[in-house]
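A.B. asks: Give me a 3D structure for the following:
(chains A and B)
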Amino acid sequence: MVSSTIQGLHGDDVDFESTWTTLASSFKEIHTKNASKLSYEELYRHAYRIVLKKKESQTVAASIQGLVTGSLLSGAHGSAAVTTANERREAGWRFLKGLKEAWQDHQLCMSMLADVLMYMDRVYCTDHRRPSIFVTAMNLFRDCILLSKSSSEADSLTILAILNGIILDQIQMERDGDIIDKHLIKSCVYMLEGLYEADQEVEDQRLYVTSFEADFLNASREFYRKEGEFLLRESDAGAYCRHAQRRITEEQDRCRSTLSESTTPKIEQVVEDELVRNKLRELIEMESGVRHMIDNDRSADLRLMYILNSKVDPLKKEFTSATQRRIKEMGAEINAAAIAASQAQPAPPADADGDKPKAPGDRALSQQTVAALKWVEDVLNLKDKYDSFWKVSFDSDQGMQKAISSSFTDFINSATFTRSSEYISLFIDENMKKGIKGKTETEVDQVLEKAIILLQYVQDKDMFERYYKKHLCRRLLMNKSLSNDVEKQMISRMKVEQGNNFTLKLEAMFKDMTISEELTTGFKGHVAKLGDADAGRAELAINVLTSMTWPLETMGSSGDNEESRKMRCIFPPAIERIKKSFEKYYSDKHSGRQLTWLANMGSADLRATFPKVQTKEGIKERKHELNVSTYAMVILLLFNDIPASQSITFEEIQAKTNIPTSDLVRNLQSLAVAPKTRILIKEPMSKDVKPTDRFSFNEGFSGKFHKIKVGVVTAGNKVETDKERQSTEEKNNESRGFCIDAAVVRIMKQRKELTHQQLVTETLSQLATQFKPDINMIKKKIESLIEREYLERIDEAKVPSYRYLA
Amino acid sequence: MAQQQTDYVTLVSSDGFEFKLQRSAATISGAIKRMLDPISNFTEAQTNTCTFENIKYDSLHPLSHHAAFMESSVDSPRSGVVLEKVCEYLYYNEKHKNNKDVPDMDIPPELCLELLMAADFLDGEFAVGYLGFGC
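C.D. replies: Purely as a prediction, here's the structure:
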């Protein structure tokens, strides 16, 4: 190397002592800010020379340290005078300012010094792995100023501690609303950030991190804990949320303007911990918490709460569960209200849970229907409410939507309230019959949409299907539906939502209706062709229904279906003729099909002539068109054959017509008891129809209108009575049994061998779209499949397993 | 106070040659940059003039006292020449600083050592450059 060879040659060329003296005196000049008198080039040249003489460098470094220390210590006294002052704002400010100035002076001088000694930095310090002059000088500042005691007493604080205390004090003042010199504090923070704990410059060993930040975070934690507790006591949840939100923004701003950006996440964490995470539960359960917000539509507050919770917990568990709890509570209230409304009936409470007597039971039934509709409306309102919250307050969050949906599912399917499927179907029924009258297409759409939404929540889809079929059946057969289009729209919506299987039977019902229309017109043409024009001949409109798809049993009154099936109604000869001819017509078209006449579902138009009576307009014969049920027609036609004065007993009527007792009672009730349609006179006159009662034709009958509809009691769609419900449920369970059977066999056929547990799980998942099967029921079904030798137990298996027997 | 910052600064060699060149080019050298730093405010910064006592043939170069060396360069005004070459480099660097495939600068072999010393003294990235192709 060049330098090693020249060293010897130059040994005495540079006089170290004199050169150093020059340098030292210049440094003092620099310290007193007299640099302008000095020539950089000269100093640099001196330093250069010294460095070239290697062995002296170390001495220089040491000397410089001594020199700087000396000057720092003398400088420190200037600021020390300030530090003894108390902690008041003004004093704090002066201290910070003094310190900042001292720091800036020091920095400037040291950078100049480092400039002058640049050559030493480059050659000596780097080669010997020593901290550069500037770093050394900065460390000296740390040791001599910051870590020195503010006064001579042993227990006094270091300047650094005082500095921390003052900054914290200032920040506290700002939190309390005072205005502080952010810029000044920022400079001091810069200083702390520029200094390191040890001589090595490791990033996370900065004094700011090691000394100030921890203090700051601790103090903040303490402050926010107290503030949180205070606020929880003093203000409501909405205000609390707003406050917490503001504090978080404030701290972010503070880090940007006063402290260091690197602290932002940490202090946010502290505030969130103290103001949100630790208080969240209390906050949500406060009197003015989530519940209050939801009840009072405080969507803005809810939103805040939501945001706060999502800050501390991306899953928002607490908040979600509080919301869910509230949904369930409100749902339970709605359920309870529906039950209460349906039971608040005039009948004495003893009758309420038993089989109700018919007359008050009917009123109770309609009351129940109202309750059912109200329930649906309430649920829909609730749903609307949460939907709007979800959009406005919950950022349309997926998780929240799921949570809300599941809570709805929970309360709609709750064990204490089993009528939801029936109620929803009833709601659709009501709308189909009355609700959509005079509504625009979009409004109708909305109603359908709502119904579909509710349907999504129902777990026992098969139950719903059953009710829907029943209601639809009534609508179709009695022509109650307002618009076929809307019906079909509904079906297609269900198809989209629930799949083909679900609507298969419903569609088949529509198809039957269309075919029946064709049959009716076809039969009319057929009769016309036969040519025997008989004026007195009755016309026949027929609905041929496939017995598998139509819930025919639900059409009649409950309980006595067996009876009605066995007892064929005896039709009057005129009607019997038409019946026969249609049967012939039908079997010509479709051979091998058997027709069963369901008189209990039909209706008939009769033209009745009443004898002349004296009226205001004179003597007049009165004609009425009576729309009655088929049974009523059969009964009325009996009176055609006897003189008006003669009467027939109940038993006689039954013997002649063979109408099932309960149907007969109901029809006679509407013909002889209902005040507006009293075509028959009953003796003795009472509300109930007894087997001993006698009936005769009411010649004095008068009606306001030409057309009179004789309603049969319980013709409309109403909530089922408890007895009806039982039978519906039984039927449902029966069909569920078949579904389970089918599913189990399907699975086993595919898998051949399976453990019990797996089989149950698979069955559950297969049937989930239709209903939620009872585990016990699955077990029973498996047992019966084993009995029927579809499956066998595998004896050698460790866990209970089954094998499929082909 | 310091004079206004001028676009041009003056570099003076020990034997009195003055070179005026753009500040931006001159401050490539760490030493010159610090010399002219208005914050430190040394004399040089006030006058915008840097006098290089060092860049003198005999004092700068330790080898100049070597007998053989002395003989070969006894009568040439070396200091000015060296500084001129330095200035030439400063401009050369300024001109090509963003380019690739830069043509080599012409360096007379007899100046190599002096330039190397000057480069070390002035502290610039160019020291490396010289070492690369000059020696």
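A.B. asks: burial measure for residue A:661, as a count.
C.D. replies: Residue A:661 has 15 neighbouring residues, counting by other CB atoms under 10 Å in any protein chain shown. Yep, even glycine has a C-beta here, placed from its N, CA and C like the rest.
A.B. asks: in chain B, what spans have low per-residue confidence?
C.D. replies: Along chain B, the parts satisfying pLDDT under 70 run over B:1-4, B:54-79, B:124-135.
A.B. asks: okay, now the spatially closest residue to residue A:394 that is not a sequence neighbour: neighbour count?
C.D. replies: Using CB to CB, 6 or more residues apart in numbering or on different chains and skipping the chain neighbours, the partner closest in space to residue A:394 is residue A:400 (4.4 Å). Neighbour count of residue A:400, defined by other CB under 10 Å: 22.
A.B. asks: Name the SS class of residue A:400, please.
C.D. replies: Here residue A:400 is recorded as helix under DSSP: H, G, I helix; E, B strand; the rest coil.
A.B. asks: Mind pulling the model confidence for it?
C.D. replies: pLDDT recorded at residue A:400 is 80.
A.B. asks: Just to be sure, residue A:610 is in a strand?
C.D. replies: Yes - Residue A:610 sits within a strand when classified using three-state DSSP.
A.B. asks: List the contacts of whichever residue of the stretch 351-500 of chain A sits closest to chain B.
C.D. replies: When scored by CB to the nearest CB, the stretch 351-500 of chain A has residue A:395 as its residue closest to chain B, at 49.2 Å. Residues counted as contacts of residue A:395 (CB atoms under 8 Å, 6 or more residues apart in numbering or on different chains) are residue A:306.
A.B. asks: Make sure it is indeed in a helix.
C.D. replies: No - under three-state DSSP, residue A:395 sits outside any helix and is assigned coil.
A.B. asks: Tell me the confidence at it?
C.D. replies: 76.
A.B. asks: can you give me phi and psi for it?
C.D. replies: The phi/psi pair for residue A:395 (degrees, to the nearest 10) reads phi 50, psi 30.
A.B. asks: got it, and residue A:649?
C.D. replies: Residue A:649 adopts backbone torsions of phi -90, psi 160, taken as degrees, to the nearest 10.
A.B. asks: So it is in contact with residue A:692, correct?
C.D. replies: Yes - Residue A:649 lies in contact with residue A:692 (CB atoms under 8 Å); the separation is 6.9 Å.
A.B. asks: Looking at these two now, which is surrounded by more residues?
C.D. replies: Neighbour count, other CB under 10 Å: between residue A:649 and residue A:692, residue A:649 has more, with 14 against 10.
A.B. asks: Dig out what that one forms beta bridges with.
C.D. replies: Listed by DSSP bridges, the beta-bridge partners for residue A:649 are residue A:694.
A.B. asks: which residues does it contact?
C.D. replies: Neighbouring residues of residue A:649 by CB under 8 Å, 6+ apart: A:691-695.
A.B. asks: do you know how far it is from residue A:243?
C.D. replies: Applying CB to CB, to the nearest Å, the value for residue A:649 to residue A:243 is 84 Å.
A.B. asks: for residue A:507, same thing?
C.D. replies: Computed as CB to CB, the residue A:507 to residue A:243 distance reads 59 Å.
A.B. asks: next one: residue A:323
C.D. replies: 22 Å.
A.B. asks: How many neighbouring residues does residue A:258 have?
C.D. replies: 21.
A.B. asks: same deal with residue A:646?
C.D. replies: Using other CB under 10 Å, residue A:646 has 11 neighbouring residues.
A.B. asks: you'd agree it is up against residue A:696?
C.D. replies: Yes - taking contacts as CB under 8 Å, residue A:646 lies within contact range of residue A:696: 6.6 Å.
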